[in-house]
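Trainee: Here is my input, please return the structure:
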Amino acid sequence: MLATEALVLPHRLRGVSLSLRPGEVTAICGPNGAGKSSLLSCLAGLLAPATGAVILHGAPLAAMPLEARARTLGYLPQTPEVAWDVSVQTLAGLGRLPWRTGAAEDAAAVDAALSALDLPAFAHRPVSQLSGGERARALLARVLAGTPRWLLADEPLANLDLAHQLALLGHLRTCAAQGMGVVLVLHDLALAMNHADRVVVLDQGSVQADGPPEQALAEAVLAQVWGVKAHWLGDPGQRALAV
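Mentor: Alright, predicted model coming up:
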């Protein structure tokens, strides 16, 4: 389990308590400034709350050795940076640094991550020569190459075209089915409705709804949190939002 206990960050989070489960895709949704990125950074151990704690597998995350944390949690920030103009393959290989395993095992993990994100043809291309969407996929490949038990990704679909959005969500659902815990910050509520097992809605630093998508993104919640009058069309798994 990955859990938070009454997390407080001044001006960002106000007593957030959650218990996240492996084997599920959890979408964190909410308007701008709701605290979504702050919550994800706390879950990754990159922000220390003023009060409260993050608990990973029954122990405080803050007490876990950094190497063990890096092997367990894979984190993709909203605006990741690449310090050097390396190839896509080299960039993905950086995800293997916490493991220090044999070359064959590392290479297999990198190849699997590149294949999952439709990147084998770009393996030897410098990052500077990628489009925004290609770069976003390469950065996510770095995280997946680390074979984390938990994937924490902040708006991983933002720069992707529709086909790659759906392909990535399908791959992450496969990862969850194999036991990984997947936690995504999403702004596209229709994608959250159709592809997440669970949705957590934040507003002004507090949890406003938490549960199955049709419950957490009910029309009353949309009106309360986003201030829009909207309704869902279509069958489960194929919902579209009409405003």
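Trainee: All the strands of this structure, in order from the start?
Mentor: Using DSSP state E, the strands of the chain run over 2-9, 13-20, 25-29, 51-56, 59-60, 73-76, 150-154, 181-185, 198-203, 206-211, 231-233, 240-242.
Trainee: who touches the closest residue to residue 172 other than its chain neighbours in this structure?
Mentor: Computed as C-beta to C-beta, 6 or more residues apart in numbering, the closest residue to residue 172 that is not its neighbour in sequence is residue 182, at 5.0 Å. All C-beta atoms are positioned from the backbone trio N, CA, C, and that covers glycine. Neighbouring residues of residue 182 by C-beta atoms under 8 Å, 6 or more residues apart in numbering: 24-26, 150-151, 153, 172-173, 175-176.
Trainee: What is the longest helix of this structure by residue count?
Mentor: Looking across the chain with DSSP state H, the single longest helix is helix 162-177.
Trainee: Residues touching that one, excluding its own?
Mentor: 22-25, 116-118, 133, 137, 140, 144, 151, 156-157, 160, 182, 184, 191, 195, 197.
Trainee: Just give me the neighbour total for residue 132.
Mentor: Residues lying near residue 132 (other C-beta atoms under 10 Å) number 10.
Trainee: I'd like the distance between it and residue 56.
Mentor: Per C-beta to C-beta, to the nearest Å, residue 132 is found 32 Å from residue 56.
Trainee: rewinding a little: reformat the strands of the chain as a markdown table; add distance to residue 166 and mean pLDDT.
Mentor: Formatted as a markdown table, the strands of the chain follow (distance: least, C-beta to C-beta, whole Å; pLDDT from 0 to 100):
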| stretch | distance to residue 166 | mean pLDDT |
| --- | --- | --- |
| strand 2-9 | 26 | 96 |
| strand 13-20 | 24 | 96 |
| strand 25-29 | 13 | 98 |
| strand 51-56 | 30 | 96 |
| strand 59-60 | 37 | 94 |
| strand 73-76 | 18 | 96 |
| strand 150-154 | 16 | 97 |
| strand 181-185 | 14 | 97 |
| strand 198-203 | 18 | 98 |
| strand 206-211 | 24 | 97 |
| strand 231-233 | 19 | 94 |
| strand 240-242 | 14 | 92 |
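Trainee: Could you list the low-pLDDT ranges of the protein?
Mentor: Along the chain, segments meeting pLDDT under 70 span 101.
Trainee: Name the nearest residue to residue 75, ignoring sequence neighbours.
Mentor: Per C-beta to C-beta, 6+ apart, closest to residue 75 is residue 44, 4.0 Å.
Trainee: Distance of the one you found relative to residue 19?
Mentor: 17 Å.
Trainee: Comparing the two, which shows the higher neighbour count?
Mentor: Under the criterion of other C-beta under 10 Å, the comparison of residue 44 against residue 19 puts residue 44 first, with 20 against 11.
Trainee: What about residue 50, how many residues nearby?
Mentor: When neighbours are counted by other C-beta under 10 Å, residue 50 registers 11.
Trainee: now do residue 53
Mentor: Residue 53 - counted by other C-beta under 10 Å - has 16 other residues nearby.
Trainee: repeat for residue 240
Mentor: Residues lying near residue 240 (other C-beta under 10 Å) number 11.
Trainee: what residues are up against it?
Mentor: So residue 240 contacts 190, 232-234 (C-beta under 8 Å, 6+ apart).
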